Every structure is written in C-alpha cells, then in structure tokens.
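> Structure of the sequence below:
(2 chains)
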Amino acid sequence: MNAGVPLSAQLINLFAAVILLLAFAMLAQRRVMPLINLFGLQGLVLAGSTLVVAVTTHQAHLYWSAGLTLLLKAMLLPWILHRLVRKLYVKWDVESLVNVPATMLIGIVLVIVAFNVAQPISLLSHTISRGTLGIALATVMLAFLMMITRTKAIPQVVGFLAMENGLFLAATSATYGMPMVVELGIALDVLVGVIILGVFFFQIRDQFDSLDISHMEHLKDG
Amino acid sequence: MSSLLAIDFLLIAACLWLAVGLWGLAAPRNTRFIAKGLFPLGALIGLGVGVTALDFLGQSAETAILVIGLPTLPFHLRLDNLTAVFALLLGFASVGISIYAAGYFRKGEGAAPGLMCLQYHAFLTSMLMVLLADDAYAFMVAWEVMALSSFFLVTTDHRHEAIRSAGYLYLLIAHVGAIAILLAFGVMTSGSGDYTFAGMRAQELPPFWASAAFLLALVGFGAKAGLVPVHVWLPEAHPAAPSPVSAMMSGVMLKTAIYGLLRVSFDLVGTPLWWWGVVAMAVGLVTALFGVLYATVQSDMKRLLAYSSIENIGLLAVGIGLALIFHSFGMETLAALAMTAVLYHCLAHAGFKSLLFLCTGSVLHATRERSLGKLGGLIHRMPWVAWLALVGIIAGAGLPPLSGFVSEWLLLQAFLFSPGLPHSWLNMVVPVAAAVIALVAALAGFAMVKFYGIIFLGQMREPALKDAHDAGPWERGGLSWLTLLTLLLGVMPSTVIGLLDAATRQLLGTGLAARVRESGWWMLAPISEDRASYQPLIFLVTIVASVLLGRWLVRRLYHGRIRRSRAWDCGFFFEGPRAQDTAEGFSQPIRRIFEPVFRMARHFPTARDDQPYYSVKVEDHFWHWLYLPVARLAERISGLIVRVQGGRIAVYLMYSFLTLIVLLLVARP
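Numbers count the residues shown, from 1 in each chain, chains lettered A, B, ... in the order given. Got it, this is the predicted structure:
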C-alpha cells in the first residue's frame, strides 16, 4: 500500500472494495435468506464508509447520513424482508435466468465499463473519496443486473435496494453526500417502496400462487 | 346602430346560438319545446346573421379582439367582405335548415333532442367563428370545434355499427386535414412567431415556402371539402347523419373549407405562382368527374347527393384554380370572372344541395326508405316535397333559369377567355379542362334526373309507399325558403354579382359589378355584351309560357280528354311497378362506358337459375389503391412495435439497463 495515502482514504477504499465484493456475492447467492443478510451487511459497510468520510471531513450531516443508513439499510429493511419471506414461506432457492458463472462474467465486464466511465468524472471531483466513484457505479450496475437475471420478486426488490446503496455511495464519494432533505426523502421513498412491494407480494401470490414474475407475462396486451 | 358594428352583431349572434344550444340542455327530453321553440329561434338568429352580412357587404373591414384565448395571443376577429359573403351563405342557409329541423326531429329518434340542439347550434357558432377568425389560433380552435360538433351530429344514431365507423372515418380525415392546415399556418408565419393573419400577410415568403403553404392548405382544406383523394368520408358521413345535418354539412360546412382555401391562397400567402392554379384545377377536374360519375351509379339517395357534392366541390376547385392562373398573370378582370363564378357557385350549391338533402329527409320520414330501388311515384303522395325538389333538381343539373346554371355558365365563360393567357402550354390544356367541365355538367344532369325520376316519378315500387304522407308545415317552410333562395339566385344574377363584387374587389382589386350594372339587372353580360349574355328572366318566362301554352293546347285544341295510365310500363301488357327502369338499370350505360373508373362486383343471372337475380356493388378505387395499403402498413408497423412489449419484466429492465449503459458510454467526456 502506498505510504502517501492517508489512513482514512485507505479505509474508505477498503470499505468500497468490500461493498463491491458483497455486490458480487449477492449476484452469486442462490438462496433468499443469505441474500437478505448480504444486503444487510452491505448496508452496514456503507454506513461505516460514510462514517469514515464524516470523521475525516467533519461534515456534520454525514453523521446523520451514516446513522440513517445504519438504521434503515442495515437493520430495518433486512428485518422487514426477513419477516416477509417467513410469512410468504418462500425460503427456497432463487432461480436465475442466466447461470451464475455467466452472470459473474457479465458482472466483471460491467465493472470494467463502470470504472472506465467513472474515471473522467472522478478527476473532476476533489473529495477524499473520489476513487470510489467507479466502485459505486459498478455496484449500481451489478444490482441492476441482479434485477434482470432473477425471476422471483423478492430478489428483484433486494436488487432494487442494493442499487440505491450504490447510488448513495456514489453521492458520498463524489460530493460528500446529497443535501439532507434529499437524503431523507430517498430514505423515506425506499421504506415506503418496500412496504408497498410487500403488499404487492401478497397480491401476486394470491393471484398466481407463486412469486415467480414470469407469470405476469400474460398481462400484456394482445 | 353607429355604436354597434356589424362584427358586434355577428358576435352577439354567435353567442345567442350558443345560448340557444345550452338552453336545449335545460330540458333535454322535451322534444316539443326544443323542436318548436329553440330551432325556430336559431333560424331567427340565422336570419340576423344573413341580414347583417348582407348589410355589411361593400364596407371596409372591421376588427375585434376578444379577451379569451392564450395569454399572449387573444382571439383576433375580423369581418371583411370575403367573410361577409360566406356569413351571408351561412346565415340564410341556416334559416331554411333550422326551420326544417323544427319539424324534422321527432320523439324517440336518435339521441336526446337537447343534446342534438346543443351540438347543432355549437356547429353553427363554430362555423361563424371560423369565418370571423383573424389569427391561426382562433381559426384552429373554431375549426376543431366545428369538426367535433359535426362528428357528434353525424353519429347521432350511434347504435348502428356503420354509422359509428362513418363517424370515425370522418373524424380521422378531418384531423389529418387539420394537421395540414396547422402546418400551412406554421409555414406562413415563417418563424416570426406572429400568428395573426395580419402578420402572415406582412410576411414575404420565398417561392418554395409559399408553394409549400399553398399545397398544405390545399390538402388540409381539401380534406374538409372532399377533394379527391381525401373525399372518402363524404359519401359515408352524409348518409349517416340526420338530414338537416347532412344539409348543413354539405351546404355550408364544405363551403367553410372553400373559404379557407380562398383566404389562404388569395389573401395570406402573397402573390400566387401560376402552377398552383394548374394543381388546383387538375385536382378539381378529377374530383368533379369522379364525383359525378359515382353520383350517377348510386342506389342510395343520400349517397347520390353526397357524391354530387364532391362533384360541386371539384367545380369550385377548378374555378379557384382558374382564378389563380389569371391572377398570377395579372389578368385581373378574368380572375374576377372566375372568382365570381366560385362565390356564386358556393351560394347556389348551398341553396340547392341543402334543399335536396332536406327533401331526402322528408322522403325518409314518409317512407323509412333510403334505397332508390324501393321508392317511386311519390309525387302523388308528396306533392309539396316533389315540386320543391324539382326546383333543386333543375338548379343542381345546371339548367337555366336557376342558380346552378348561372355559376356554371360564368365558369365556362372564364374558360372561354383562357386563350388570352400568355403561356402557350396552358393555352392548349385549359380548353380541354373546359370540355371536361361540360361533360361533368351533362353527367350531373343525368344524376339529377335519376334522383328525381326514380324517387318521385313513375309508379310506386313498393306497396307500402301508398301510406307515405307529405311533409309537415315546418318542413314545407324550410324547403320553401331554400327554394326561394335558389329561384332568386337564378333570376337575379346581376344583383347578386353586384353584392359579390365587394369580395372579388377585396381579393383581386377588381370586380365585375360595373360592367354587369351597365347592361341592367335583367341581363348578365360579364365581359361584354357582344361576346356573351344571358337573360334568366326571358328563359323563365319562355319556359313557363311554353309549358302553359302546351298544356292549354292539349286541353283545348286536341282531344281534351285526360287518360291516366301507368307510367313507364314500357308498353307491355303485364303491368306493374317492376317493369319500370330501376336505379341500377338507369345508370347501366354510364357503368358500361366508364367501366374502368368503377370497382364493381356484379352477379349476373344465368338461364338455369331458379331464382335469377342481378346485383351490382360499386366500390371506390381509392379505398383499395390508397387507404387500405396505408391501413395495412400502419398495422404492420404496430405489429413490429408490439414485439417490444414482450410481457417479461426482465426484458423491460434490460431495456432501461442497456439504455443506461449506452448513455453512459456515449456521454463520456
């Protein structure tokens, strides 16, 4: 490790790397419960990373952000999802449209693309955490990829939430976070979104006796 | 009087019409109140509009600005002589149609009468506003209200599938036309952002853009007027609508499109190019010939009249084309002659075509039959309608001494002067067009004879026709009013041309009135007395006198006995209405001669048939050449696009994902 890089920056990079790693792990995870746990862990690491940035730069609102992330993404959302899975009784394997090794390969390509794209942007930024922008973008893309490749509804929602994690990381790394109002708004959106999706899960299951969204193909016109 | 201008009176009339319409909503099911109270009130307002416009003719333009409209673009209104001519037409034609409608609408027919009343009067208001509009925005608003209100009137009887599809076709073509008009206005502002007509007049467009504006306007207004090939809605919508509505659409609404075309090509777009006139004339000739040929072979009386309207619109387009040609070469006197013919024909057609459509309404009410093959001999049961229709028929056939003859004669006169054009190519082609016009006029006579002869003359083809009753007093009143207009237009051409003079003078800078006045009101000699003149009164007197004389001679000098026998049984001893010429049989020679023009599906009886029958179905080539390919193409394209909607969420997500990646890669600094 380069001695010129301060400890805080190294820590941030480490956290970012763990987040990316967790994103890959989620992409590879076949079971629902561990998937939710991985998501919770990602939230925890994200909170840690934000905290480090906050300590280093003395940005007051970042402390709040870190706390909010910890509460919401590391605790509340995983708990809600756990409850949902238990209630819906959908603990079995997650089926994937594309097999896992292929998904991982696509993921690697996406990471390369993301780094490539993010490089010129991070040069414009002057934050301590600017190097993690590429990782943030890659996290967003990997989460998106998870949404595409999964056929069940719950992994898709987890993918959606993970995408939000990536966006949050991008915001922190590029500009030390979004304004507090925006962040609060997004946090509320995510919470409400999960609750609404939870209601939908019950509806979908009642309608199709399954949470496999491929049943919804019949809903199109003509 | 001095405090209120003519334009104020017209605006008040428009508001009153709307108020009458809304009043109808107050008691939507009270047929008696609406028919006998509100429609005559509408007729009275129409009379006011007509008289105001008549009084205004010859004065200088008046403008007004309404507070409603867009924040930076309030409604600009303007009353000038061109507007006044068409407002005159609208007002006087609506008097007859509204009076007739008072007797026409009965309980339990079609939509609620209150709703009809609102739509009908909104239709009248919007037509008046189209004429008054002085900026593109007000014009388009009024134009669309006109299209929508007439759409609802056409689909009054929306329980029938055929009527719904006719209405849909009408709405579709009306909107295609509206887009073209909007684009034409857009071109004419030429990016100045000034949407008032005054602003458009001030623009000096380069020839390319001026031509684009003219052609767009021709397409847009042609779609409303029924120029080929955007005519297909007309023969569908006119039979579908109730008869007063058909009369209003054919007699008045088509003329608003002619008004728009005149307004754009002579007023707004600047100096015309000579080839515009050639285009308008070519389209008009095709339309006229097409319309009249199809009119001759129809078996449904309202469809026959609808095709005849197409023919008349074609004649108007030919006249506009001729006026454009003369105008572009600076031959203003001849341009004024052609323009007078156009305006005159607008008035004449509004009179006689409304009259004929209303007559079909009376026949329809009396017999519940629209097919010519099941009518006949109605002159015995419906003498009023039959004799009034005869006037409309003679005018429609273009015979002297009625209105249709005057305008067609003027148009032919204008053609006869075309060898003076400073263009060798046009010199050779234009006389051919005159020959086509003559052919059209002759065929129009054929179609009108068929219409009248099959419906009113001969023997009754169905026993049920014996119960047919004549029209009621309101209907007679409306028909008589329109008959009177047709007669006046026929007998007093010089006076009418003197009135139209203000409009031609406004558009072309010169008129015919001075020359016409020289020769006195009884004689019409548009250019000079040595070349051609026409005395309608002498024709009228001669015709009436010879008829009376013939009758007297037969009664007094010949045997004096009147023997009634069956008409048109062709001398055969087996009597019966079936021995008469049918609608199909009457037009068989036309179908034979012009066979390639029609798309026919025929069934001929053979010697071995147990129940021999003959049937012929004539379809429009344009459906198969133009409309169906377009419809199929649209269907195929939508078939391709619907594949995007696969129903799989993963695929939908993939669309956004790929879009995101592509955007990220493209937008890379």
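
> Tell me if B:Ala142 really is in a strand.
No: assigned with DSSP: H, G, I helix; E, B strand; the rest coil, B:Ala142 falls outside any strand and is helix.

> surely it meets B:Ser126?
Yes: using C-beta atoms under 8 Å, B:Ala142 makes contact with B:Ser126 at a distance of 5.0 Å. For the C-beta atoms, the positions are set from N, CA and C on the backbone; glycine is no exception.

> Relative to B:Pro235, how far out is the residue of the stretch 101-250 of chain B found nearest chain A?
Relative to chain A, the nearest point of the stretch 101-250 of chain B is B:Tyr168 (20.3 Å; C-beta to the nearest C-beta). The span separating B:Tyr168 from B:Pro235 equals 15 Å under the rule C-beta to C-beta, to the nearest Å.

> Which one of those two is surrounded by more residues?
B:Pro235 (25 against 16; other C-beta atoms under 10 Å in any protein chain shown).

> wait, doesn't that one sit right on B:Leu305?
No: using C-beta under 8 Å, B:Pro235 is not in contact with B:Leu305, being 9.4 Å away.

> Surely the residue of the stretch 101-250 of chain B closest to chain A is in a strand?
No: judged by three-state DSSP, B:Tyr168 forms no part of a strand; its state is helix.

> residues touching it, list them.
For B:Tyr168, the contact set (C-beta atoms under 8 Å, 6 or more residues apart in numbering or on different chains) is empty.

> Check it and give its pLDDT.
Looking at B:Tyr168, its pLDDT is 92.

> show me where pLDDT drops low in the chain?
All of this refers to chain A. Along chain A, the model assigns pLDDT under 70 to residues A:1-4, A:90-96, A:125-130, A:177, A:211, A:213-222.

> Switch to chain B, please.
Short version for chain B, where the test is pLDDT under 70: B:1-3, B:107-110, B:519-522, B:528-530, B:559-560, B:565-575, B:669.

> I'd like to know how many residues surround the residue of the stretch 401-550 of chain B found nearest chain A.
Going by C-beta to the nearest C-beta, chain A is nearest to B:Ala447 of the stretch 401-550 of chain B, at 45.4 Å. Using other C-beta under 10 Å, the number of residues around B:Ala447 comes to 28.

> now for the helix or strand encompassing B:Trp209, which elements pack on it?
Applying DSSP states H and E as the criterion places B:Trp209 in helix B:207-225. Applying 3 or more C-beta pairs under 8 Å, 6 or more residues apart in numbering or on different chains; DSSP states H and E, we find helix B:207-225 packed against helix B:161-189, helix B:254-262, helix B:274-296, helix B:301-328.

> try 10 Å this time
helix B:136-154, helix B:161-189, helix B:233-240, helix B:254-262, helix B:274-296, helix B:301-328 (3 or more C-beta pairs under 10 Å, 6 or more residues apart in numbering or on different chains; DSSP states H and E).

> can you tell which of those is closest to A:Ile112?
Smallest distance to A:Ile112 across these (C-beta to C-beta): 48.6 Å, for helix B:161-189.

> can you pull the buried residues of the closest one?
Of all the residues in helix B:161-189, those buried under the rule 16 or more other C-beta atoms under 10 Å in any protein chain shown are B:163, B:166-171, B:173-174, B:177-178, B:180-185, B:187-189.

> Show residues contacting the following helix or strand past that helix.
Using DSSP H and E, the helix or strand that follows helix B:161-189 in sequence is helix B:197-202. Applying C-beta atoms under 10 Å, 6 or more residues apart in numbering or on different chains, the contact partners of helix B:197-202 are B:63, B:76, B:78, B:133-136, B:138-139, B:184-185, B:187-190, B:192-194, B:196, B:213, B:263-264, B:267-270.

> ok, and for helix B:197-202, which residues are buried?
Here helix B:197-202 shows B:197, B:199-200 as buried, counting by 16+ other C-beta under 10 Å.

> of the residues you listed, closest to B:Gly396?
B:Phe197 (34.2 Å).

> Establish whether the top helix by length along chain A and chain B are in contact.
In chain A, with assignment by DSSP state H, the single longest helix is helix A:180-208. No: under the criterion of C-beta under 10 Å from any C-beta of the partner chain, chain B is not reached by helix A:180-208; the shortest gap measures 11.3 Å.

> what about the longest helix in chain B?
helix B:332-367.

> Let me see the contact set for B:Arg78.
Contact analysis of B:Arg78 by C-beta under 10 Å, 6+ apart lists B:7, B:61-65, B:131-135, B:138, B:196-198.

> ranges for the helices of chain A?
Secondary structure of chain A (DSSP H): helices at A:7-28, A:32-57, A:60-69, A:77-88, A:100-124, A:133-149, A:153-175, A:180-208.

> Now tabulate these in TSV and tack on mean neighbour count.
Formatted as TSV, those follow (neighbours: other C-beta atoms under 10 Å in any protein chain shown):
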stretch	mean neighbour count
helix A:7-28	19
helix A:32-57	22
helix A:60-69	18
helix A:77-88	17
helix A:100-124	16
helix A:133-149	26
helix A:153-175	23
helix A:180-208	14
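
> between these, which gets nearest to B:Met116?
Among the helices of chain A, the nearest to B:Met116 by C-beta to C-beta is helix A:180-208 (46.3 Å).

> Against which helices or strands is that closest one packed?
helix A:60-69, helix A:77-88, helix A:153-175.

> Phi, psi for the closest residue to chain A within the stretch 551-669 of chain B please.
Chain A sits closest to B:Gly647 of the stretch 551-669 of chain B, with a gap of 3.7 Å, by C-beta to the nearest C-beta. Main-chain dihedrals, B:Gly647, degrees, to the nearest 10: phi 100, psi -10.

> Over to B:Arg370?
Dihedral angles (degrees, to the nearest 10) for B:Arg370: phi -110, psi -20.

> and the residue nearest to it when sequence neighbours are not counted, what is it in contact with?
Closest residue in space to B:Arg370, ignoring its immediate chain neighbours: B:Asp300 at 5.3 Å, by C-beta to C-beta, 6 or more residues apart in numbering or on different chains. Contacts of B:Asp300 were listed using C-beta under 10 Å, 6+ apart, and they are B:235, B:239, B:306, B:360, B:370-373, B:583.

> rerun that using 6 Å as the cut-off
B:239, B:370-371 (C-beta atoms under 6 Å, 6 or more residues apart in numbering or on different chains).

> Let me know the closest of those to B:Cys346.
B:Pro239 (22.9 Å).
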